[in-house]
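[1] Sequence unavailable; structure follows:
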């Protein structure tokens, strides 16, 4: 399920690009990995939840789900490389990825790269970096591609102040009986 939450428009450089606001992932040997994330771009928050065959797969699938309205037929991961930038447990991970649009093997490849102490954060950031290259190359205006709410019973597509107001009202009702 993807839900979109508008927020105050941003008038800064790079506002048409997607950035990672926050994420969480749960992974074990007993079940599929689960990821939830919030991305930000074009003055909007893009949220999604997904499962995958590992933490990195679940995070990438959540990005794909959140940005489905921007990615057309979708993107295919063609390479994924992780390298330690030093020795020992305190090193950082350098992740490089490449993505290709699913509409053909002759489509251009979009590289992404990120370095972070957390390999999951580096993987997610590299994936989003490649997507930003794709969006820029295709001249996709993130702010104008907001999808309409999906056919779900509960959809969070209100400005930030309305969401906070609903939350405060719900808590007040519980507290006041």
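    Now that the structure is in, tell me what you want to look at. The model shown is predicted, which means the values in this text are computed figures rather than measured ones.

[2] any idea where the helices of this protein begin and end?
    Across the chain, reading from the start of the chain, the helices by DSSP state H fall at 55-66, 119-137, 160-176.

[3] quick one: the shortest one to chain centroid distance?
    Helix 55-66 sits 7 Å away from the centroid of its parent chain (Cα atoms, centre = their mean, to the nearest Å).

[4] same check, this time on stretch 137-148
    Once both centres are worked out by Cα atoms, centre = their mean, stretch 137-148 turns out to sit 15 Å from its chain's centre.

[5] And stretch 82-90, by the same measure?
    Centroid separation between stretch 82-90 and its chain, computed with Cα atoms, centre = their mean, is 25 Å.

[6] so how far is the first residue of it from its last?
    With Cα to Cα, to the nearest Å as the measure, the ends of stretch 82-90 fall 15 Å from one another.

[7] So for that stretch, mean pLDDT?
    Summarised as a single mean, pLDDT over stretch 82-90 is 92.

[8] between the helices of the chain, which has the poorest average model confidence?
    Per-stretch mean pLDDT for the helices of the chain is lowest at helix 160-176 (a mean of 58).

[9] Distance check, the most centrally placed residue in the chain against residue 37.
    Geometric centre of the chain, nearest residue: residue 63, 3.5 Å, by Cα atoms, centre = their mean. Residue 63 sits 7 Å away from residue 37, going by Cβ to Cβ, to the nearest Å. (C-beta placed from N, C-alpha, C; glycine too.)

[10] go on, residue 74?
    In this structure, residue 74 and residue 37 are 17 Å apart, going by Cβ to Cβ.

[11] Of these two, which one has the most company?
    residue 37 (23 against 12; other Cβ atoms under 10 Å).

[12] My read is that residue 54 contacts residue 26, right?
    No. Because the distance of 11.4 Å does not satisfy Cβ atoms under 8 Å, residue 54 is recorded as not touching residue 26.

[13] Overlap in contacts, those two.
    With Cβ atoms under 8 Å, 6 or more residues apart in numbering applied, the overlap between the contact sets of residue 54 and residue 26 consists of residue 33.

[14] Specify the beta-bridge partners of residue 20.
    With DSSP bridges applied, the residues forming beta bridges to residue 20 are residue 39.

[15] Please shift the residue numbers so they start at 24 in all later answers.
    All right, first residue 24 from here; so that's residue 43.

[16] And it, what's its pLDDT?
    pLDDT, residue 43: 96.

[17] May I ask you to confirm that it is in contact with residue 60?
    Yes. In this structure residue 43 lies within contact range of residue 60 using Cβ under 8 Å: 6.9 Å.

[18] overlap in contacts of those two?
    Shared contacts of residue 43 and residue 60, defined by Cβ under 8 Å, 6+ apart, are found at residue 147.
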